[in-house]
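> starting from these lines, generate the structure:
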Amino acid sequence: DKVRTWYFEKGVIENNYYLVVGRFVPENNYEAMIRGFMASNSDKDFVLITNVEENKFYDKLRQETGFDKDPRVKFVGTVYDQDLLKYIRKEAFAYIHAHEVGGTNPGLLEALAQTDLNLVLGVSFNQTVAKDSAQYWTKETGNLAHLIDQVDSLEDVSEWGQRAKANMKQNFTWEKIVGEYEELFLS
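Now for the predicted structure:
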């Protein structure tokens, strides 16, 4: 019931949306993602799971991009129910990841584990994490829109999902991470 209710209330259809989940801050490149998606020819939705209530950044982006005039762009609030969030990620056509500050991002790991097709900002640490299991984009004008237009008509993206899950199993297990820390500490 909670799944059906969420999709109905948000006006979203399974496997017919690009997804972003994350903190709504400028350094996570929301402007680049919104502009890139809006410039694409996709008829899918762009679903943003984030908290934007009483947010000056939200107001600024709305004024500068006009995303509120594009019915495909849907800010749907937050989702704290982890089972529901996993399902939403799994049923996304693609996940768009745009963090460029930091290191191994938990949101990227979750996307790789749960979403088949991941469109990832091509900075070094994202590439180190996702390896060949994602498609990469840059903040150059038109780059993300072009990538979305390229992948939008793909009927089967499961091969990308298989690569992502294999990458996760090989490189991001507790056993491997703990073993690497143990090796580091003992050296």
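> where does Q150 sit: helix, strand or coil?
Recorded secondary structure, Q150: helix (DSSP: H, G, I helix; E, B strand; the rest coil).
> partners of the residue nearest to A92 when sequence neighbours are not counted in the sheet?
Counting by CB to CB, 6 or more residues apart in numbering, A92 lies nearest to L19, which is 3.8 Å off, once chain neighbours are set aside. No exception for glycine: its C-beta is placed from N, CA and C like everyone else's. Following DSSP bridges, L19 is listed with bridge partners V47, Y95.
> show the contacting residues for L19.
For L19, the contact set (CB atoms under 8 Å, 6 or more residues apart in numbering) comprises 47-49, 88-89, 92, 94-96, 115.
> highest neighbour count among those?
Within the contacts of L19, neighbour counts (other CB atoms under 10 Å) peak at I96, which reaches 30 neighbours.
> specify which member of the contacts of L19 is nearest to F37.
I96 (7.5 Å; CB to CB).
> if we can go back for a sec, now flag whichever of the contacts of L19 is closest to V129.
Each of the contacts of L19 was checked against V129 using CB to CB; the closest is Y95, at 13.2 Å.
> wait, doesn't that closest one sit right on L109?
No - Y95 is not in contact with L109 according to CB atoms under 8 Å; the separation is 11.4 Å.
> could you check how far stretch 41-56 is from the centre of its chain?
Using CA atoms, centre = their mean, to the nearest Å, the mean C-alpha position of stretch 41-56 is found 11 Å from that of the whole chain.
> please, which helix or strand holds the residue nearest to T78 when sequence neighbours are not counted?
Nearest non-adjacent residue to T78, counting by CB to CB, 6+ apart: N51, 5.0 Å away. Using DSSP states H and E, N51 sits within no helix or strand.
> which residues are in contact with N51?
Listed by CB under 8 Å, 6+ apart, the contact set of N51 reads 24, 77-78.
> now the residues you listed as JSON lines including secondary structure, distance to K10 and neighbour count?
Below are the contacts of N51 laid out as JSON lines (DSSP: H, G, I helix; E, B strand; the rest coil; distance: CB to CB, whole Å; neighbours: other CB atoms under 10 Å):
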{"residue": "F24", "secondary structure": "coil", "distance to K10": "17", "neighbour count": "19"}
{"residue": "G77", "secondary structure": "coil", "distance to K10": "9", "neighbour count": "13"}
{"residue": "T78", "secondary structure": "coil", "distance to K10": "12", "neighbour count": "13"}
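> nearest to Q150 among those residues?
Closest to Q150, out of all of those and judged by CB to CB, is F24, at 27.2 Å.
> how close does that closest one sit to D68?
15 Å (CB to CB, to the nearest Å).
> R89 versus the residue nearest to A92, what's the distance?
Distance, L19 to R89, using CB to CB: 7 Å.
> need the overlap of contacts for the two.
Residues touching both L19 and R89 (CB under 8 Å, 6+ apart): 95, 115.
> any idea of the pLDDT on the residue nearest to A92?
Per-residue confidence (pLDDT) for L19: 98.
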